[in-house]
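> Sequence first, predicted coordinates after that:
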Amino acid sequence: MDMHTLYRDHHGWLERWLISKLGCSHRAADLAQDTFMRLLAKDDPPGLHEPRAFLTTVAKRVMSNQWRREQLEQAYLEALAHQPERFALSPEEQALVMETLLQVDRLLDGLPGVVRRVFLHVQLDGMSHADVARALNISISTVKRHLRRAALRCYFGLELEQ
């Protein structure tokens, strides 16, 4: 099934399904478009036997990513609100920091929670390996292994075997 046919035959259905989940037609319309944009961005769209099941799965991921982005943005704005005035960032700097945070979040997505926590404790909280090991009740060598895995994923986009 080509993208034109998929869109024509299922966009309206997907938007109605999203409205039933979100209760907001505007957000549903945006997320339906985002779902199809994600599919268009793929080099090789999959052959679909069950297009609505597939679209539902992709739409759920898009909703989850949107929800996570909103949470991240809210946390960032709260952190900015607590900064002293002399450390205030320009709107351009704020946008760059937000985009960087979103990129790191996307790269860490899919890694086990403990791996993400190790990376964030070290990179954002400035915790030592020993402090992270104590906080998460794991060994220092496990902290180093998790940190390496997350760092390689962030720096090079690599997914390593566990």
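Perfect, I can see it now.
> Quick test: name the residue nearest the centre of the chain.
Geometric centre of the chain, nearest residue: R106, 4.0 Å, by CA atoms, centre = their mean.
> check contacts around that one.
N65 (CB atoms under 8 Å, 6 or more residues apart in numbering). (Glycine included, C-beta is placed from N, CA and C.)
> 10 Å instead?
65, 68-69, 154, 157 (CB atoms under 10 Å, 6 or more residues apart in numbering).
> Ok, R153 next?
104, 107-111, 115-116, 119, 159-160.
> Reformat the contacts of R106 into JSON lines and put distance to S141 and neighbour count next to each item.
Putting the contacts of R106 into JSON lines (distance: CB to CB, whole Å; neighbours: other CB atoms under 10 Å) gives the following:
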{"residue": "N65", "distance to S141": "33", "neighbour count": "17"}
{"residue": "R68", "distance to S141": "30", "neighbour count": "14"}
{"residue": "R69", "distance to S141": "34", "neighbour count": "15"}
{"residue": "C154", "distance to S141": "20", "neighbour count": "17"}
{"residue": "G157", "distance to S141": "25", "neighbour count": "9"}
